[in-house]
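In: with the input below, show me the fold.
(chains A, B and C)
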Amino acid sequence: MAFPKPQATLRSATGIPTGRLAVWWLLASEVVIFGGVLGSYLMFRLGHPEWADAAAVTNTYIGAINTFVLLTSSFTAVLAHQAAEKGDGKKAAGFLLLTIGGALTFLMIKSYEWTTEIMHGYTITSNGFWQFYYTAAGLHALHVIAGAIIMGIVAMDAYRGRELQRVELIGIYWHFVDVVWIFLFPLLYIAK
Amino acid sequence: MLALAQFIPQASTYASSIDNVIFLVGVLVGFWFFVAEGMFFWLIWRFRAKEGVKSEYIEGHEKHLKRWITWPHGLVLVCDIIIIVAAVQVWYNVKQRLPEADSTVRVIGQQWAWTFQHPGADNELDTADDIFTVDELHVQVDQTYHFLLESRDVLHSFSVPVFRIKQDAIPGRTITGWFEPTIVGEFDMQCAEICGIGHGVMASRIFIEDQQAHTDWIQSASVASAQ
Amino acid sequence: MAHTATETALHGDLHHDAHAHEHHGPQGILKYIWSTDHKMIAMQYLFTGMFMGLIGAYYAYVFRMQTAFPGVSVPGFGQVSPGEYNALVTSHGSIMIFWVAMPVLIAAFGNYLIPLMIGADDMVFPRINRLSYQIFLLSAIILIVSFFVPGGAFGGAWTAYPPLSAVGEYNQTNLGSSLWLLAVALEFVAFLLGGINFITTLMNSRAPGMKAYDIPLVCWMIVIASILFMLSVGPLIAGAVMLFMDQTIGTGFFDPARGGDPILWQHLFWFFGHPEVYVVLLPAVGITIDIIATFARKKVFGYKLMLYTTVATGVLSFFVWAHHQFVAGIDPRMANVFTVTTLLISVPIAELLFVIIATLYGGAIKLTTPMLWALAFIAEFLIGGVTGIFLGASGADIYFHDTYFVLAHFHYTFFPIAIIGTFAAFTYWFPKMFGKMMNDTLGKIHFWGTIIPFNIIFIPLFVLGMGGEHRRIYNYEHFPELAGDGMFLLRRIATVALLVMLAFQLVFFYNCFISWRKGAKAGKNPWNSNTLEWTTESPPPHGNWPEGLPNVYRGPYEYAHPDRKDDFWPQNEPA
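Out: Residues are numbered from 1 along each chain as shown, chains lettered A, B, ... in the order given. Predicted coordinates for the structure are as follows:
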């Protein structure tokens, strides 16, 4: 038997489902975390014009492909939500699986990209730019991995017609991961 | 009680202005402190539970009662503005201004000692006759000094309580400050930023000398370092 | 039959409702690991926090003995080396803020009170609640482990400024430094998770009829504090990741030789560090105001005013952080901005205190032990607050920075918050938590035996700070102007007062023990208070109100209402 939820969970004085409120607050705190990383990066970058040499090395095409992959996966997450809204758990799970596929594609491309860069000698300790490059993108990648794992769990429940409201919630989280990448891409790949 | 000079001498031109700002803050907050605590204790005594006396039902909208909040509120703001003006003036003088220097010294902090580079008889830093000392700084009274503050490793902080000056030293940077000693004597200097296991032994001394004594010192110190 | 996702969200898995209260949770020893009941989790946070408080107090004892009697072997510790001294002060500060004040005031009392005071049967995410405690416990264990690894505990102060904290050659506690940082980061994660629970529970799970302004202020305060925490800790988490990488894999985020900047860490730290002090202040203020309302038998003066000034303080607190960095090497022009913002924040805080004091007017004040603690909070915090003005005024801070004046200031704020606030809450809600009344005489002895020595410890420290005594020094004999008999006398007076204060804590523990065993039965509402937690059994059973969750008909502070014979009017009584 699934965990018995307290009556408290079922109330909604604001009219907004509690799960959705929780995800928004989680995202608020995550925004400040990534804000801290990216803000620090910006301040350093503005003070170190010579970092442009290192920044020139990043592969904008791969970055663009990954951006496309993530945007597409956000789209499949939306489709999953639509299916869940209609009560179709199996379809929702299917779309979630596609989204996870997008995440895995993103990670594989990133692995290839980083391996290439490291083999060329651009490691995390190479210089200030690379420090931030690997840290910011690495933190983002950790969130992609965590999101994919949670998405897998939600998909399994959804397939069995359970906890369908969580499809929307993991979708919101997934859009956030996407938005962070939308900030990272120009900062790390386009700004040269 | 609030006069800092009671506890520690004023040995620089701006020490008294810093002490005065402290005194001003002390008087203003002291006033509020006694009023607030006094009111607080009086209310506790006046409205202590008494047999048969019920408490009052007060919502806090009543204008004649709200006044007791809004008026002090406004007065606190006025006090704050007075303090801000006084503090900024002192801050500007000590930290933003750099009066012309009669002489310059370099102060270098490291784990766990202070190195002082004096300009020597030619009064120019980074020349052959510079005098390097460890944990002692020699300066002349009534001369304006710039100090060039550096660190070789971690954060340290150059602190001379009798001057009232304090400035953190950051590796990779040279930070410039100033002071002008006003009395002759020998006083403590401290490292005021935790810098590792030896932070507590980074004590040094400043020797403020009159012109003759200072010239004598330069001579003997130059001879000593030549040997 | 499938429900739409939103329907499920709002009305739940309907066929589970019927079973909800037959499930009584794990039994026996396992309930301490697997229970998701908010009251059990609250107790876990409370006892872990208090245990860590004992460790923090022990460290204070050791380093005060060394300061007052340098070189003398400290009974119960031994000789204190310079490195150990630094580790002791670092651990004391870190423990008291992260492993005592936050878990006790926010996690313990927040967990215990929020569901009860809003008429809910638990938090909305009980399993995440349990997870947050387990992560917190892990962080405490990692911290304690860091004391015993080769090299010893981290000794670079709770502020952990690099390059000292980043480079093993500089701090000589390579492993200890990284474990300390890991412990702090995990503690942050635990509180982020916990905060989500508190905020969403308060927003959504209130009893029918409980409008926003019917919520007891202590709940508001804990939730606003959680929001402040969530919005301020992010940059420091970013900084902690960077520092950890500097420590372990040799990046140079804070290494000037490699283009890094030590000052960046300071900004990231204090951007969080300043709101953090309000994160712990707000719950203490909430506890104080609720206790004062009950024992003065008075409606809170200006409930909405209190809320608005609290929010104003919270917002302003994001704009004052660099007053910790006046002499750190920031642009001197920036210092002026922060002097202005720092002094202006005194306005809403002063207003908050004035409103609390105004609540006493027209009251019928009963000086029970919890009331004494609540009143002491105000009296002592006032000292902390006004002495902060000296430090916010940049011109004065040039002298006072890194002296014992700062230390005395923040102990006059932190001690009321963490210690007085804890004792106020504990003595007030003990009857509800354990079903027994505490002995009031022992309570008063403990109170005076704590408060009087507290002042005798820290007033001399103000004087020492004015005399130029700087912080984190293991032996003042090295500094001729700080080594005089007068100064050492002040240090010894403070240290002896600490010993007396620690001794009186035994009275508290004794009181807890005998009250729990043999205290008078408390009944549901021994204090004749209005809020919902007093309408159920003491202690409340699993599910809090098994016979049905309450509805609310009025605000929480309807004391001495003219239409009533009784001088209180519980929130759940129909009109």
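
In: just give me the neighbour total for B:Q110.
Out: Number of residues near B:Q110 (other Cβ atoms under 10 Å in any protein chain shown) recorded here: 18. Any C-beta I mention is one placed from the backbone N, CA and C, and that applies to glycine too.

In: surely it is in contact with B:L155?
Out: No - assessed by Cβ atoms under 8 Å, B:Q110 is found out of contact with B:L155, at 11.3 Å.

In: what sits against the residue positioned nearest the centre of chain B?
Out: Nearest to the geometric centre of chain B sits B:R164, at 3.5 Å (Cα atoms, centre = their mean). Shown in contact with B:R164 (Cβ atoms under 8 Å, 6 or more residues apart in numbering or on different chains): B:Q10, B:S12, B:Y14, B:A15, B:I18, B:D19, C:I398, C:Y399.

In: which residues does stretch C:56-69 contact?
Out: Under Cβ under 8 Å, 6+ apart, the answer for stretch C:56-69 is C:72, C:74-77, C:80, C:85, C:88-89, C:91-92, C:95-96, C:99-100, C:473-476, C:488, C:491-492, C:494-496, C:498-499, C:502, C:505.

In: show me where chain B has its strands.
Out: B:103-110, B:113-118, B:131-134, B:136-140, B:145-151, B:156-160, B:165-169, B:175-179, B:185-191, B:204-209 (DSSP state E).

In: which parts of the fifth one are buried?
Out: Of the residues in strand B:145-151, those buried by neighbour count under the rule 16 or more other Cβ atoms under 10 Å in any protein chain shown are B:Y145, B:H146, B:F147, B:L149, B:E150, B:S151.

In: tabulate those residues (a markdown table), appending distance to C:G252 and pLDDT.
Out: Listed next are those as a markdown table, based on distance: Cβ to Cβ, whole Å; pLDDT from 0 to 100:
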| residue | distance to C:G252 | pLDDT |
| --- | --- | --- |
| B:Y145 | 34 | 98 |
| B:H146 | 31 | 98 |
| B:F147 | 28 | 98 |
| B:L149 | 22 | 98 |
| B:E150 | 19 | 98 |
| B:S151 | 16 | 98 |
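
In: in the chain, what spans have low per-residue confidence?
Out: I'll assume chain A. Scanning chain A for pLDDT under 70 picks out the ranges A:1-2.

In: my bad, chain B
Out: Looking at chain B by pLDDT under 70, you get B:1-2, B:225-227.

In: and the residue of it that's closest to chain C?
Out: Proximity to chain C, evaluated over chain B using Cβ to the nearest Cβ, is greatest for B:G172 at 2.6 Å.

In: wait, that residue touches C:P256, no?
Out: Yes - the pair B:G172 / C:P256 is scored as a contact, 2.6 Å apart, by Cβ under 8 Å.

In: overlap of the contact sets of the two?
Out: Common neighbours of B:G172 and C:P256 (Cβ under 8 Å, 6+ apart) do not exist.

In: in TSV, list the strands of chain B along with distance to chain A.
Out: Output for the strands of chain B, formatted as TSV (distance: least, Cβ to the nearest Cβ, whole Å):
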stretch	distance to chain A
strand B:103-110	24
strand B:113-118	29
strand B:131-134	33
strand B:136-140	33
strand B:145-151	20
strand B:156-160	23
strand B:165-169	19
strand B:175-179	17
strand B:185-191	28
strand B:204-209	33
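
In: so who does the residue of the stretch 251-400 of chain C found nearest chain B touch?
Out: Relative to chain B, the nearest point of the stretch 251-400 of chain C is C:P256 (2.6 Å; Cβ to the nearest Cβ). With contact taken as Cβ under 8 Å, 6+ apart, C:P256 is in contact with B:I170, B:P171, B:G172, B:R173, C:P163, C:P262.

In: not counting sequence-adjacent ones, nearest residue to the residue in chain A that chain C sits nearest to?
Out: At 2.7 Å from chain C, A:V32 is the closest residue in chain A, using Cβ to the nearest Cβ. Nearest non-adjacent residue to A:V32, counting by Cβ to Cβ, 6 or more residues apart in numbering or on different chains: C:G234, 2.7 Å away.

In: my guess is the one you found meets A:L38, correct?
Out: No - counting by Cβ under 8 Å, C:G234 sits too far from A:L38 to count as a contact (10.8 Å).

In: comparing those two, which shows the higher neighbour count?
Out: A side-by-side neighbour count of C:G234 and A:L38, using other Cβ under 10 Å, places C:G234 first with 25 against 18.

In: how close does that one get to B:L98?
Out: Using Cβ to Cβ, to the nearest Å, C:G234 is found at 38 Å from B:L98.

In: what of A:L21?
Out: 54 Å.

In: ok, for A:Y189, nearest residue in space, not its chain neighbours?
Out: A:G63 (3.7 Å).

In: next up, the contacts around that neighbour.
Out: A:F185, A:L188, A:Y189, A:I190.

In: if I pick the closest residue to chain B within chain A, what's in contact with it?
Out: Relative to chain B, the nearest point of chain A is A:G47 (12.6 Å; Cβ to the nearest Cβ). By Cβ under 8 Å, 6+ apart, the contact set of A:G47 is empty.

In: could you do the one 10 residues further on as well?
Out: Shown here is A:V57, whose contacts under the criterion Cβ under 8 Å, 6+ apart are A:E117, A:H120, A:Y122.

In: excluding sequence neighbours, find me the nearest residue to A:S74.
Out: Distance criterion Cβ to Cβ, 6+ apart; nearest residue to A:S74, sequence neighbours excluded, is A:D178 at 4.7 Å.
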